[in-house]
Structure formats: C-alpha cells, structure tokens
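> what's the 3D shape of this:
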Amino acid sequence: MVDNLIPRPASTVVTLRDASGGVEVLMVRRNLRSEFVGGAYVFPGGGVDAGDADPTWATRVRGLDDAIASSRLEVTSGGLAYFVAGLRELFEEAGLLIACDQFGTALTLDDRDRQLRLAARRRDLNARSTTLADILVDEELWLDLTRVGYLAHWVTPVGMVRRYDTRFLVAATPPSQVAAHDEGETVDSRWLRPREALDASRRGEMTMVLPTLRTLASIADFATVDEALAYVREQRHVTRVEPRLVVRDGVATPVTPGEPGYDEAGG
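As a prediction, the model looks like this:
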C-alpha cells in the first residue's frame, strides 16, 4: 500500500435506460489484467485527461458551460472537464456517444454508414490516433449534456496503489444506440436493474467495489430515467466520501464515515 498518492481526477457515468420494473443501468467488467480493480464490474469511466480540460470544449458542448458545471461540482473552475471525460470514457469503453447536432437533435445510429464510421472512429480513439473533439468536428456533432447530471463523489482510500477523485455522473442512454464493451479495458457489458446487480454481487457472481455498490443502492428505487435525472438536478450538495482502510483478519476493508473503525483508521 502507498500512503502519499494524490488522487487523480476522474469521472464515471451511471448510464440509465427505461425498462419494465424500473430503470436499468449499464455495467462493464474491467479487464482482469487492469491494475485497478481488475475483473470488477463498474460504470464506464476513467481519469480526466489534459485534453478534457481544453478551453475549446466550451464551443463543442450543449446544455452546460464551465461556470455551471464547476458550481455543481463545487470547484472554482474546470468542472466541465469532468463531464467531457465521462462522456469520452463512455464512448471509448461502451460505444455510446451522447451527442447532438447543431439544432440539439440527439444523435441516433439508424444510419448504417454513420454507425460503421463511428465504430471505426471509436477504435481510433482507443488507439489514441484521434481525439473525441476531432470526431465531433468531423461528424458535425456536439456533446449533449442536457440529460447528464451529477450524482456522487468518491475518493479512493489512502493506502491504495492507485487513487482517484471520482465524480459519478448520471446520463440517459442515447436513443437508437447499442452499448458494446471495447474488448480491451472492458471485457463484458450488461444492462441490469440495480437490485439485480446488487443481488449478483451478494451471490458472488459479480465483483464490485464499495462506491459501485453504494451507487447502485442509491438509484435502485427510481422508476424512470426522468425521475433519476430530476433527483440529481434537485441535489443542492453532493457529499465527498473518502473511505478509510481498516485491517480485519489480515484483510484491508474500506469503511465510510459513521461505520465502526473509521475514526480509529484516521489515526
């Protein structure tokens, strides 16, 4: 374990769609070879890159600007980068591109030629031979943040070999698009009702980390995507949660504020 790592800014997207019996959430399984939570089922996401904070993004998004994004995330500036990073990672890892045209019409992939073209561009993006900004310009698209909200804020505990300061976003699945894992960073993808995912975790069928489990529990009772988005929009403050590691029977277990051992773990 390492005690002095500064958490890297990161973003993850809890992608929802309407289904019978309540909303379903997209989960992807990280490659077993991944250095961070390999083999775990998570929401698509990753670190905020320098390109996500490029000022020119202000001209390539709809529905949000940096001032409003920063206010929602309670940072002085740079909040828009978290939203850009989340949607970039969603496209890279799951193939869903939340975008619209200049008139605000949501991107659909009914057009077979465009579907194939964007699939190829996604491969280029994962190979780092292009950028999301370049793809949007070429396709005459803008990131659509009108149905993306801010849900939760988790920080990896001190002592982990990798640490992230992660903003959990909620997004409505773009119409007429099909999620598909990238067979690189992600090796499986599933649409599940949150309670189904929690039950699978309890049965040991799907490995999940604490922030994922808590997030699933927080969205389990939403009947529709609109209900979930309304909830996140009404939140006035999102609490920053940084678990601490407590060693029990030789195993380091994360605990959150208010749980037994949390105060003692802080020294």
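> can you give me the helices for the protein?
Per DSSP state H, the chain carries helices over the ranges 66-73, 79-94, 112-126, 132-139, 194-202, 210-219, 225-234, 262-265.
> Which one of these lies nearest to residue 16?
helix 225-234 (4.8 Å; CB to CB). C-beta here means a position set from N, CA and C on the backbone, and glycine is covered the same way.
> Mind checking the helices of the chain for the one nearest to residue 243?
Across those, closest to residue 243 is helix 210-219 (CB to CB), at 6.3 Å.
> May I have the closest one as PDB, with CA atoms only?
What follows is helix 210-219, C-alpha atoms only, in PDB (Å, rounded to 0.1, in the frame of the first residue of the first chain):
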ATOM      1  CA  LEU A 210     -17.800  -0.200  -2.500                       C
ATOM      2  CA  PRO A 211     -18.600   3.000  -4.400                       C
ATOM      3  CA  THR A 212     -20.300   0.900  -7.100                       C
ATOM      4  CA  LEU A 213     -22.400  -0.900  -4.600                       C
ATOM      5  CA  ARG A 214     -23.500   2.300  -2.800                       C
ATOM      6  CA  THR A 215     -24.300   4.000  -6.100                       C
ATOM      7  CA  LEU A 216     -26.400   1.100  -7.200                       C
ATOM      8  CA  ALA A 217     -28.300   1.200  -3.900                       C
ATOM      9  CA  SER A 218     -28.900   5.000  -4.400                       C
ATOM     10  CA  ILE A 219     -30.600   4.500  -7.700                       C
END
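> closest to residue 18 out of the helices of the chain?
Smallest distance to residue 18 across the helices of the chain (CB to CB): 5.4 Å, for helix 225-234.
> buried sites along that closest one?
By neighbour count on 16 or more other CB atoms under 10 Å, the buried set for helix 225-234 is 225, 228, 229, 231, 232.
> From the contact counts, what lies against it?
Packing partners of helix 225-234 (3 or more CB pairs under 8 Å, 6 or more residues apart in numbering; DSSP states H and E): strand 8-17, strand 148-155, strand 164-172.
> Just give the nearest non-adjacent residue to residue 217, would you?
Nearest non-adjacent residue to residue 217, counting by CB to CB, 6 or more residues apart in numbering: residue 198, 6.6 Å away.
> need the least confident one among the helices of the chain, by mean pLDDT.
Sorting these by mean pLDDT places helix 262-265 lowest, at a mean of 82.
> which residues are in contact with it?
Residues outside helix 262-265 that contact it (CB atoms under 8 Å, 6 or more residues apart in numbering) are 243, 244, 245, 246, 255, 256.
> swap the cut-off to 6 Å and go again
Contacts with helix 262-265, where a contact means CB atoms under 6 Å, 6 or more residues apart in numbering, come from 244, 246, 255.
> out of these, which are inside strands?
Taking DSSP state E, the ones among these that sit in strands are 244, 246, 255.
> can you list those in TSV and add pLDDT and distance to residue 165?
Converted to TSV, the ones in strands among the contacts of helix 262-265 look like this (pLDDT from 0 to 100; distance: CB to CB, whole Å):
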residue	pLDDT	distance to residue 165
244	91	15
246	89	21
255	90	19
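> mind giving me a markdown table with these and columns for neighbour count and distance to residue 265?
What follows is the ones in strands among the contacts of helix 262-265, written out as a markdown table (neighbours: other CB atoms under 10 Å; distance: CB to CB, whole Å):
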| residue | neighbour count | distance to residue 265 |
| --- | --- | --- |
| 244 | 21 | 4 |
| 246 | 17 | 5 |
| 255 | 19 | 7 |
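> Let's have these in a markdown table, adding distance to residue 28.
Formatted as a markdown table, the ones in strands among the contacts of helix 262-265 follow (distance: CB to CB, whole Å):
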| residue | distance to residue 28 |
| --- | --- |
| 244 | 27 |
| 246 | 29 |
| 255 | 26 |
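> ok, of those, which one's closest to residue 26?
Nearest to residue 26 among those, with distances taken as CB to CB, is residue 255, at 28.2 Å.
> Assess the claim that the closest one and residue 245 are in contact.
No - judged on CB atoms under 6 Å, residue 255 makes no contact with residue 245 at a distance of 7.9 Å.
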